[in-house]
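> Quick one: sequence and predicted model below, then my questions.
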Amino acid sequence: MKIITPIIVIIISITVYFAYTSPIIQEVKNLVSKKSQQTDVLLKTRQLASRRDAVLIDYNNIVSTDIERLNKIVPNTFNFVLFANDVTAMASRYSLVTKDFKVNEPKTEIRDAIVNQPKGKTYKTTVVTMRLQGPYSQFIKFLNDLEFSLRLVDIESLTIKPVGVQNSASGSLDYLLEMKTYSLVERETEIDTLALVDKLKTISIDQNVFSSPIFSSLKDFTQTIFPEQQGRTNPFSTIGSDIFFSGNIQQKTQ
């Protein structure tokens, strides 16, 4: 009897340990681990706020005109109409005739896959093809303007060929340009706090860039597009039968 009682006590103790005590100990360990992780996140959040404030101070010290120029170098989005309007206006200054202007979608998608890797995905590459005609001397001036343009553009390839016998006397040539231009990618809506802290640690704003001769030499060739007055709702309808709105005044077509 004296031997059986200790054995029973030992069996009960082992059963209680594995059935009740051990799960509680494991749960406590899990809670301690979660507490450690949350403490680390809170610490990183404070670092994030501190780093964010430091970057904002540097950013707010930048002159607004310099920020506008930076936004034109690499805009938030690529606008095909505005880009085509700016470049064709540059070409027309030197009597160059724009024959074709298009975005090369397949090459853009392929190069995006190469340039924009999942890590550090910051900008998008757009490939544009442009065909011009005009004198070679004027084309060189156009390229010079393109080189010093505020908008970041890289010439990928250039093909030059004669345009025909009838234009040979004028010295006109046909130019096929393939260009790369850039824009920012869409911002991530959700991002891990720890990853964001690591990204902010790499950010530094060197304001000496804005006083450098290279940045100052870039020229803004942006063309302003003014809104036009709205015309008839249906241009094919009988004159006088439809109406259009100009501001808040309802008018009838004459």
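Nice, I can see it.

> what's downstream of the helix or strand encompassing residue 48, the next helix or strand?
Of the helices and strands defined by DSSP states H and E, residue 48 is found in helix 22-60. Sequence order places helix 64-73 as the next helix or strand after helix 22-60, per DSSP H and E.

> contacting residues for the residue positioned nearest the centre of the chain?
Central residue of the chain (CA atoms, centre = their mean): residue 184, 0.8 Å from the mean position. Going by CB atoms under 8 Å, 6 or more residues apart in numbering, residue 184 touches 74, 75, 76, 77, 122, 123, 124. Every C-beta, even on glycine, is put in place using the N, C-alpha and C of the backbone.

> Produce a ChimeraX select command limited to the buried residues of those.
Those of the contacts of residue 184 that count as buried under 16 or more other CB atoms under 10 Å are selected in ChimeraX with:
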select :74,75,124
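
> could the contacts of residue 184 be laid out in a markdown table, adding distance to residue 239?
Listed next are those as a markdown table, based on distance: CB to CB, whole Å:
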| residue | distance to residue 239 |
| --- | --- |
| 74 | 48 |
| 75 | 42 |
| 76 | 43 |
| 77 | 40 |
| 122 | 54 |
| 123 | 50 |
| 124 | 46 |
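
> What spatial separation is found between residue 223 and residue 145?
With distances taken as CB to CB, to the nearest Å, residue 223 is found 13 Å from residue 145.

> Pick out whichever of the two has more residues nearby.
Remark: of residue 223 and residue 145, residue 145 carries more neighbours, 15 against 11, as counted by other CB atoms under 10 Å.

> burial count for residue 40?
12.

> Looks like residue 55 contacts residue 203 (just checking).
Yes: at 5.5 Å, residue 55 counts as touching residue 203 under the criterion of CB atoms under 8 Å.

> can you give me the strands in the protein?
Counting by DSSP state E, the segments of the chain that form strands are 97-103, 123-135, 153-162, 172-184, 243-246, 249-252.

> Kindly state the beta-bridge partners for the residue nearest to the centre of the chain.
Residue 184 forms beta bridges with residue 123, as assigned by DSSP bridges.

> Thought residue 221 was touching residue 90, still the case?
Yes: counting by CB under 8 Å, residue 90 does reach residue 221; the two are 5.2 Å apart.

> So residue 10 versus residue 221, what's the distance?
Residue 10 is 90 Å from residue 221, by CB to CB.

> Which one's more surrounded, these two?
A count of neighbours by other CB under 10 Å puts residue 221 above the other of residue 10 and residue 221, at 17 against 10.

> sorry, back to before: what mean pLDDT does the helix holding residue 48 get?
What helix 22-60 shows for mean pLDDT is 79.

> Now that helix: buried residues?
When burial is assessed from 16+ other CB under 10 Å, helix 22-60 yields the following buried residues: 44, 48, 51.

> Could you measure from the residue nearest to the centre of the chain over to residue 156?
From residue 184 to residue 156 the distance is 21 Å (CB to CB).

> next one: residue 65
Where residue 156 is concerned, residue 65 sits at a distance of 31 Å (CB to CB).

> The two: which has the busier surroundings?
Legend: neighbour count by other CB under 10 Å for residue 65 and residue 156, higher for residue 156 (15 against 9).

> check contacts around the more buried one.
Shown here is residue 156, whose contacts under the criterion CB under 8 Å, 6+ apart are 127, 178, 179, 180.

> okay if I get the residues you listed as CSV plus distance to residue 231?
Shown next, in CSV, are the contacts of residue 156 (distance: CB to CB, whole Å):
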residue, distance to residue 231
127, 35
178, 37
179, 34
180, 38
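
> By neighbours, which of those wins?
Neighbour tally across these (other CB under 10 Å): the maximum, 21 neighbours, falls on residue 127.

> Against residue 215, how distant is residue 176?
The gap separating residue 176 from residue 215 is 31 Å, by CB to CB.

> pLDDT-wise, which helix or strand of this protein ranks last?
Between all helices and strands in the chain, the lowest mean by mean pLDDT, DSSP states H and E belongs to strand 249-252, at a mean of 44.
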